[in-house]
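> any chance you could fold what I've pasted below:
(one chain, ligands or ions: 1)
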Amino acid sequence: MRKISEKAAAMAAMGPLFACPVCQAALAVDGLGLTCENGHRYDLAKKGTVNFLNKPVATEYLAPMLAARRRLLDAGLFEPFLAPIRAQLSAADRFLDIGCGEGTPTAALATSGATGVGFDISAPAIQLAGGLSTSAVFCVADLARLPFLPGSFSAIVDLFSPGAYAEFDRVLQQGGRLFKVIPDSDYLRELRQGLYHDTDKATYSNAEVKARFSVHYPQTTVTKIAYDFPLTKSQFADLMAMTPLTWQAPADRRAAMLEHPPVSIHVAVELLQVNNSAKEG
Ligand SMILES: [Zn+2]
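Down below sits the predicted model:
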């Protein structure tokens, strides 16, 4: 089956899920597109992705950066923190990947058997995600106005993306689970130290993000996950390309690091997990 037909069938099999960004009515699969009762229509692109934005949004995530990211994620850069999330998903789950980028983590989580939906505001990222061989479906959408009906997901996965907690609560089922991964203070420390020593960017604290999350979800459990990921010289160049952290760095320090890259990169994150998002009222 052609990819576009395959993805249209996958969306139809999910039942009511998507909400019209214009009128919020349910969208149903109609041929190779989605339509609402008020006649708004969103056609699937060639690779079976859907764009729910009215107009394109310029992002800094360009093709070479996305390709670099794809190569490193394929090599397993994020696997040590994806594994514990995947282990908690099953075929009974439908999860939403917030700001899924080029989709490799979404596809990795969908191997659990769970139904996966990934969205990102970057159209080039979603185009790349559409090329993945996975059961997950992908769309271009805005974090602040998620194009999904209330209670559509049993789990939300947020890897390094900003939170929009009112929207998360709306699209999660009662009692749904939330997995949020945030950088810890020594995330990519070789890069921080190499590029920003003697500036205020040399250190980072996630305290503010974590505090805001914990206010909204008091029942959060926090798991620290840290490891050193070995890198070849070309993988280090990919890391430099994929990480927004490096883009503003002084050119001479970038060049020096590319010339003499570290043999590994320290990945340190915190997994914030909410096992039952149920709210009173
Ligand atoms: Zn509509």
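
> walking through the stretch 1-150 of the chain, point out its strands one by one.
Applying DSSP state E, counting those that start in this stretch to the stretch 1-150 of the chain gives strands spanning 28-30, 33-35, 41-43, 50-51, 94-98, 115-120, 137-140.

> redo those as a markdown table? Include distance to Leu17 and mean neighbour count.
(C-beta placed from N, C-alpha, C; glycine too.) What follows is these, written out as a markdown table (distance: least, Cβ to Cβ, whole Å; neighbours: other Cβ atoms under 10 Å):
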| stretch | distance to Leu17 | mean neighbour count |
| --- | --- | --- |
| strand 28-30 | 10 | 17 |
| strand 33-35 | 10 | 20 |
| strand 41-43 | 13 | 15 |
| strand 50-51 | 11 | 20 |
| strand 94-98 | 8 | 25 |
| strand 115-120 | 7 | 27 |
| strand 137-140 | 9 | 27 |
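
> I'd like the ones you listed laid out as JSON lines, including distance to Glu79.
Converted to JSON lines, the strands of the stretch 1-150 of the chain look like this (distance: least, Cβ to Cβ, whole Å):
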{"stretch": "strand 28-30", "distance to Glu79": "33"}
{"stretch": "strand 33-35", "distance to Glu79": "33"}
{"stretch": "strand 41-43", "distance to Glu79": "33"}
{"stretch": "strand 50-51", "distance to Glu79": "28"}
{"stretch": "strand 94-98", "distance to Glu79": "15"}
{"stretch": "strand 115-120", "distance to Glu79": "16"}
{"stretch": "strand 137-140", "distance to Glu79": "20"}
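
> model confidence score at the residue at minimal distance from the centre of the chain, please.
What sits nearest the mean C-alpha location of the chain, by Cα atoms, centre = their mean, is Cys100, with 2.6 Å. Model confidence at Cys100, expressed as pLDDT, equals 97.

> got a list of what the nearest residue to it once chain neighbours are set aside touches?
Spatially, and ignoring its direct neighbours in sequence, Cys100 is nearest to Gly118 (3.1 Å; Cβ to Cβ, 6 or more residues apart in numbering). Gly118 is in contact with Leu96, Asp97, Cys100, Gly103, Thr106, Ile126, Ala129, Ala136, Val137, Phe138, Cys139, counting by Cβ atoms under 8 Å, 6 or more residues apart in numbering.

> give me that answer again for 10 Å
49, 95-107, 109-110, 125-126, 129, 132, 134, 136-139, 141, 157 (Cβ atoms under 10 Å, 6 or more residues apart in numbering).

> and for the lowest-mean-pLDDT helix or strand in the chain, what's in contact with it?
Within the chain, confidence by mean pLDDT, DSSP states H and E is lowest for helix 244-247 among all helices and strands, at a mean of 84. Contact with helix 244-247 is made by 60-61, 65, 160, 183, 187-188, 191-192, 194-196, 201, 204, 239-241, 253-254, 257, as judged by Cβ under 10 Å, 6+ apart.

> and these, which are buried?
Those of these that meet the buried threshold are 61, 65, 160, 183, 187-188, 191-192, 194-196, 204, 239-241, 254, 257, by 16 or more other Cβ atoms under 10 Å.

> those residues in strands, which ones?
Pro183 (DSSP state E).
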